[in-house]
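Engineer: coords below, sequence missing:
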Ligand SMILES: CC(O)(O)NCCCCN
Ligand SMILES: [Zn+2]
């Protein structure tokens, strides 16, 4: 199984900015990329990644999701002077142009396609493209929401065309609805688009009726568009995990994609001036981990939004460190709606005053009003603090095995005589016993129980150790066993003790490899569904993460 995480970034994409006063666009600053990349370098994560160079997208690639006339119009912007750029910008909503933004937009698409090439050809297992301008709002003939070309929509079309991808999953955890992606794949059953987004009954930007939960796609694409609108702010870690367990993951496993994109916008993190959500940066480690066993681990994360420079940098690091295979941290603040953090934070996580950005033309009238508004906003922002994510240390030895002498030790594992001796991340005790009877329960039913019961319970219980036993009588077939072994490593900081008869397929998971895809799942049997639902209803009063109805009623 291929290892390695690609990181695609080029500082050229920091070389455009807002050239006039625009209170809506002033948050989209070059520093977003700078602080993210610097945090990856400072934490040592950048060095652990495979650095892949960016390239410019070709016209043909851009035309996979945009019209000729739009591309031709954008091609003219490098030669425009300020007034022409402002006039051109007026044609679109909540976006700005700059003489260098066309070049950067081609690099953002090209970087995303480089990531797809390296993942789909197995040169790396997964990766992240740190790009700007973002993409998920731009449409066939329109720039929108700081986006010029739709990086992920183009890349999904590209993966289908050039890498024969049959089913592509796009998970959009940005706090804004990526309507550009939804429009692009509206009637396409080969691309499943999932988005949660701040909505507040259509009162939040982009104020679209089609961002509501009843937009499910059309024609052959009906059912392949999943919108989760947040009708209030302050959604937290429990809400995000509950949506993954009870909505996204069952659909994603049934869809069984051969490639996963993440529209990785971090304005859904705490402290963001757009999102006003309460989820802490460490939650992106868990969201990433829960997606990494789809598509045989082929995950391409592409930066979208994120405007609090502190939570953005922390969230990017949490995401990349998980793509690298490090165990996820203990999730903070689980158990129902997020509670306000203690007054005295362990660190001063504050949004630094915006450097650079919108210095309008001299003597502009808006200056004082804008400074007033900024003071109000800064004050509001100042109150939001959160704990610094804990350092996640991956032990040098990932997996150790206690084996009978005659049994060969799989590559990458270490034979040990006692767990304490080498304090590995996980450990396995191999039991000698007659070959196990065949599996029980159907795959879909077991996966439904894993996603809808076992994982929510496990996250709420926060065990110090996960004990996995594959013993006679209650066998699950290999692919399921791998999914279970991988998914449960998101708990207990990855400390997993496995008791089993057969080592091969399990060792691969314990070494951090992705579980093999289960293939498209059929509906679980009615008796499974019934017993599962009765159990969930009985348990949910004690385990809020099992709740699926009360959580979302606004
Ligand atoms: C990429 C993005 O989703 O963060 N853009 C947000 C634009 C907001 C305009 N009011
Ligand atoms: Zn956004």
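Structural biologist: The structure has been received and is ready for your questions. Note that this is a predicted model, so its numbers are computed, not measured. Ligands and ions are numbered 1, 2, ... in the order given.

Engineer: now for the strand or helix carrying residue 318, which elements pack on it?
Structural biologist: Using DSSP states H and E, residue 318 falls within helix 309-323. For helix 309-323, the elements it packs on are strand 5-8, helix 31-42, helix 45-48, strand 126-129, strand 259-264, helix 283-291, strand 299-303, judged by 3 or more CB pairs under 8 Å, 6 or more residues apart in numbering; DSSP states H and E. Yep, even glycine has a C-beta here, placed from its N, CA and C like the rest.

Engineer: quick one: is the fourth one near ligand 1?
Structural biologist: No: contact of strand 126-129 with ligand 1 is not found when judged by CB under 6 Å from any ligand atom; the minimum separation is 14.0 Å.

Engineer: and if you look at the fifth one?
Structural biologist: No: with CB under 6 Å from any ligand atom as the criterion, ligand 1 is not reached by strand 259-264; the gap is at least 8.4 Å.

Engineer: so the lengthiest helix in the chain versus helix 31-42, what angle?
Structural biologist: For the chain, the helix that runs over the most residues, judged by DSSP state H, is helix 101-120. Relative orientation of helix 101-120 versus helix 31-42 (axes from the mean of the first three to the mean of the last three CA atoms, to 10 degrees): 40 degrees.

Engineer: does any part of helix 101-120 sit near ligand 1?
Structural biologist: No: using CB under 6 Å from any ligand atom, we find that helix 101-120 stays clear of ligand 1, coming within 11.4 Å at best.

Engineer: so how far is that helix off the chain centroid?
Structural biologist: 18 Å (CA atoms, centre = their mean, to the nearest Å).

Engineer: that older thread, highest average neighbour count across the helices and strands packed on helix 309-323?
Structural biologist: Highest mean neighbour count of those: strand 299-303, a mean of 29 (counted as mean count of other CB atoms under 10 Å).

Engineer: in its sheet, what does it sit against?
Structural biologist: Using DSSP bridges, the strands paired with strand 299-303 in its sheet are strand 126-129 (parallel), strand 259-264 (parallel).

Engineer: of those strands, which is nearest residue 273?
Structural biologist: Of all the strands paired with strand 299-303, it is strand 259-264 that lies closest to residue 273, at 18.2 Å by CB to CB.

Engineer: what number of residues lie near whatever residue of the stretch 301-450 of the chain ends up closest to ligand 2?
Structural biologist: For the stretch 301-450 of the chain, the residue closest to ligand 2 is residue 305, as judged by CB to the ion, at 2.8 Å. Residues lying near residue 305 (other CB atoms under 10 Å) number 28.

Engineer: and the pLDDT for it?
Structural biologist: pLDDT for residue 305: 98.

Engineer: one more: the one 10 residues further on?
Structural biologist: Model confidence at residue 315, given as pLDDT, is 98.

Engineer: the nearest residue to residue 451 once chain neighbours are set aside: which element?
Structural biologist: In space, and not counting its chain neighbours, residue 451 is closest to residue 249: 4.7 Å by CB to CB, 6 or more residues apart in numbering. When elements are assigned from DSSP H and E, residue 249 belongs to helix 249-255.

Engineer: which residues touch that helix?
Structural biologist: The contact list for helix 249-255, computed with CB atoms under 8 Å, 6 or more residues apart in numbering, reads 167, 169, 171, 192, 194, 224, 226, 260, 290-291, 294, 444, 447-448, 451-452, 518, 520-521, 523.

Engineer: what angle do the longest strand anywhere in the chain and strand 259-264 make?
Structural biologist: When the chain is parsed with DSSP state E, its longest strand is strand 191-198. Here strand 191-198 runs at an angle of 20 degrees relative to strand 259-264 (the same axes, to 10 degrees).

Engineer: would you mind measuring from whatever residue of the chain ends up closest to ligand 1 to residue 70?
Structural biologist: With CB to the nearest ligand atom as the measure, residue 305 is the residue of the chain nearest to ligand 1, at 2.1 Å. Residue 305 is 22 Å from residue 70, where distance means CB to CB, to the nearest Å.

Engineer: burial measure for residue 162, as a count.
Structural biologist: 14.

Engineer: which of the helices or strands spans it?
Structural biologist: Counting by DSSP H and E, residue 162 is part of helix 151-163.

Engineer: which secondary structure elements does that helix sit against?
Structural biologist: Helices and strands touching helix 151-163, by 3+ CB pairs under 8 Å, 6+ apart, are helix 59-62, helix 101-120, strand 168-172, helix 179-184, strand 259-264, strand 299-303.

Engineer: neighbours around the residue nearest to residue 451, how many?
Structural biologist: Quick note: residue 249 (other CB under 10 Å) scores 22 neighbours.

Engineer: so what pLDDT did residue 91 get?
Structural biologist: Model confidence at residue 91 (pLDDT) stands at 98.

Engineer: could you do the one 3 residues further on as well?
Structural biologist: For residue 94, the model assigns a pLDDT of 98.
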